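Visitor: starting from these lines, generate the structure:
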Amino acid sequence: MKQFSGLWPDIVGRAAANSGLLERLVKDAQPVLDAAVRIPQSGIASWNLYYFCPHHGVRLAWRADTPHQHACPVDGEIFSGEPWDGAWWREMNGRNASACQQLGLLWRLTGETAYRDKVRTLLMGYADVYPGYEIHGDIPNNGPGKMNAQTLCEANCILEMALGYDFIRDSLAPGEQRHISENLLRCAAAFLRDHRSPQIHNHEVKISAALGVLGFILEDETLLEFAVNQPYGLRWQLENGLLAEGLWFEGSVHYHYYALQGFLAFEKLARGTRWSLLDGPWYQAMLTFPLSLLLPDGTFPRLNDCLAGQEKLNHRDLYEFAWFIWRDPQYAAVLQFTETTPDERETLLWRERPLPETPLPLIPQQSLFAPGAGLTLWRRPQQALLIKHSPWGGEHDHYDRLGLMLWHRDGWLLTDMGTTGYGAKMHYDYYKNSATHNTLSVNQTNQPPANPQVLGWHMDSDSLWLDSEVDWGKPPPELNSHSRVEWDAAAWRGVRFRRRLLWLEEVLIDLSTVENPHRQQLDWTLHLAARALDQSGTPQPFSLSGPLRHMANATMTPLNGCQPRHFARGKDTVALWLSGDGELWQGLAPDNPAIRDLSYLVMRNHLPQARFVCLWDFANHAPLTQVNVHHTPAGTHITFWRGDRVTHVTLYDDPGKRPDAILPLPESGI
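Guide: A predicted model of the protein is given here:
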């Protein structure tokens, strides 16, 4: 067996010493063992991300006995035919592949032949048909598949099948070994080699990881060399795909961990060999940096492509292995934090040393400025504000430079919705658009690729300040990664968007200035997970086209001077004071999943030099009573009153100058 070199006796010892752990693994595997064997006899499987309700954007309820009927869990509607039938088979292939690894391990641990026989049946069955699977798949920016409809899915399934084969190989007859290794594993390896793309991408990581695992199990150093050291292999991906702090370039926490799963799946076999990359500078930064983004509830922000649920910290497979290799207390803290969702298999395989008995802190309390990743995360008690000034991330980006996310008390107040299954209509039609993020859109089109610049920042106990800018007059950034063109470069020609944020006590000031030389329609947008209390204006459609044609109950009122709007969530009320010559739109549009709505607020104008001001009042008592905004040649002067207490703030246009703030004297105690 190629896995767990030198470790297997210890693993067997842990299983014997902790019979309860093994019993849970056996119990979890029983439905897999009992399931009927279903192997597609032709290449009919498509894409798991088609398996979504087109109306609600939720994953359909998969059942093994209904390959032609697929139910929405929200309202029970049944979908049949394509693309859902093919996506059903993709799920079946994935379950079969996982069964090979899961049951193969239990065969090694228990010696029960039923586990070995089920894995043999699956592997022999796929080896019978795999060479004849036709190459198919037309998913944009994705290579094709044979068993599935994209190269990535092929790699994911073959990796688990290869591990299952490694568990049972010694118990197979020579002819069975040849049949599986030649007609399934080597055939798949040749296919993966032919279809790895010349780009940095999570797909290429997973494909290379699968090729590396196949190289070990088939004892083929040419596969290992291709997987690890050739251009676009694992080493190249690490050298070219990480931002300064260690975040994966695609800018999505989900895809960061997805790529890391590929790297560490390879390392679980490679450790201790000349092929391993564990001694490099990459993995520990990749494991540590995302933890600095954790929110008060222990979830991550849904940056860029992230389906509902993928924001959760549930990566025990990675942190068990990381704790085994590095013994970093932060990794132990993750395992302690996620104890309510255990992963018995990974604990059994890698928990060589127990975790510390004392609970370790995990949720950060300090604010973060990460210029390489392009993320600023300000923290106050039960509050967090994330500002996205990240570099262009390619295919999985969401066109939301200088976008905001605001956590307030017990959840998101300004949310990033993430997205739904990429094959579902709402993905491109609604979620993956500038207009559905808390940022600027032009003519409701998407921001073209651009890399923002931080002009100034400051963080201390009294104030938090960030000044950042993105200029679409500059040449677009080059990125060696395939992308769909989902933006309108002509609409954004010459536009420059600068956003300045200042957080003082219970007031957050947000000043956006936009150079708009061609007088395009500017929409400065927020969407709040709260109920609008004082929406007013003339009812009319917000738009008949574009992503916000989904907005309902839309009203428009002229925006002159500085106007307050109030929003309620639970027992809390939050006030926003708004200033920006033009129109103020409000309405409702879908959240994610699309079974509830968010309250949209849009300031719109066509001015060549536009200024939008939003002042947030978070005070639970003594709300602001008046706000004045005055633009001068030097910058923007804002005065606000809380009863008879007045504060003066000046935000300078000179990027080298920090704001001036004249605060009221503290109230004297009695």
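
Visitor: looking at the chain, which helix is longest?
Guide: Of all segments of type helix in the chain, defined using DSSP state H, the longest is helix 84-110.

Visitor: which strands or helices does it pack on?
Guide: Helix 84-110 sits against helix 8-17, helix 19-34, strand 70-71, helix 113-129, helix 151-168, with contacts defined as 3 or more Cβ pairs under 8 Å, 6 or more residues apart in numbering; DSSP states H and E. For the C-beta atoms, the positions are set from N, CA and C on the backbone; glycine is no exception.

Visitor: winner for burial among these?
Guide: Ranked by mean neighbour count, those are led by helix 151-168 with a mean of 26 (mean count of other Cβ atoms under 10 Å).

Visitor: angle of that helix against helix 113-129?
Guide: 140 degrees (axes from the mean of the first three to the mean of the last three Cα atoms, to 10 degrees).

Visitor: would you turn the helices and strands packed on helix 84-110 into TSV with mean pLDDT?
Guide: Output for these, formatted as TSV (pLDDT from 0 to 100):
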stretch	mean pLDDT
helix 8-17	95
helix 19-34	95
strand 70-71	98
helix 113-129	99
helix 151-168	99
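
Visitor: looking at those, which is nearest to residue 399?
Guide: Closest to residue 399 of the helices and strands packed on helix 84-110, according to Cβ to Cβ: helix 151-168, at 22.8 Å.

Visitor: what's that closest one packed up against?
Guide: helix 84-110, helix 113-129, helix 187-195, helix 202-217.

Visitor: got the ones you listed as JSON lines, with distance to residue 367 columns?
Guide: Converted to JSON lines, these look like this (distance: least, Cβ to Cβ, whole Å):
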{"stretch": "helix 84-110", "distance to residue 367": "40"}
{"stretch": "helix 113-129", "distance to residue 367": "50"}
{"stretch": "helix 187-195", "distance to residue 367": "43"}
{"stretch": "helix 202-217", "distance to residue 367": "29"}
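
Visitor: out of the ones you listed, which is closest to residue 135?
Guide: Judging those by Cβ to Cβ, what sits closest to residue 135 is helix 187-195, at 7.8 Å.

Visitor: now the closest one: buried residues?
Guide: 187-189, 191-193, 195 (16 or more other Cβ atoms under 10 Å).

Visitor: out of the residues you listed, which one sits closest to residue 326?
Guide: Out of the buried residues of helix 187-195, the member with the shortest distance to residue 326 (by Cβ to Cβ) is residue 192, at 29.8 Å.

Visitor: farthest pair in the buried residues of helix 187-195?
Guide: 187 and 195 (12.9 Å).

Visitor: and residue 159, what does it touch?
Guide: 97, 206, 209-210, 213-214, 265 (Cβ atoms under 8 Å, 6 or more residues apart in numbering).

Visitor: go again using 6 Å as the cut-off
Guide: 210, 213 (Cβ atoms under 6 Å, 6 or more residues apart in numbering).

Visitor: from residue 206, how far off is it?
Guide: Distance of residue 159 to residue 206, given as Cβ to Cβ, to the nearest Å: 8 Å.

Visitor: where in the stretch 551-670 of the chain is pLDDT low?
Guide: Applying pLDDT under 70 to the stretch 551-670 of the chain flags residues 667-670.

Visitor: what segments of it are strands?
Guide: Using DSSP state E, counting those that start in this stretch, the strands of the stretch 551-670 of the chain run over 552-559, 562-569, 572-579, 582-590, 597-605, 609-617, 626-632, 635-642, 645-652, 660-662.

Visitor: mind putting those into CSV with mean neighbour count?
Guide: Formatted as CSV, the strands of the stretch 551-670 of the chain follow (neighbours: other Cβ atoms under 10 Å):
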stretch, mean neighbour count
strand 552-559, 16
strand 562-569, 18
strand 572-579, 19
strand 582-590, 21
strand 597-605, 22
strand 609-617, 20
strand 626-632, 16
strand 635-642, 19
strand 645-652, 18
strand 660-662, 14
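
Visitor: closest to residue 234 out of those strands?
Guide: Here strand 582-590 is closest among these (Cβ to Cβ), at 39.2 Å.

Visitor: who does the closest one pair with, and is each partner parallel or antiparallel?
Guide: Strand 582-590 has the following strand partners under DSSP bridges: strand 552-559 (antiparallel), strand 597-605 (antiparallel).
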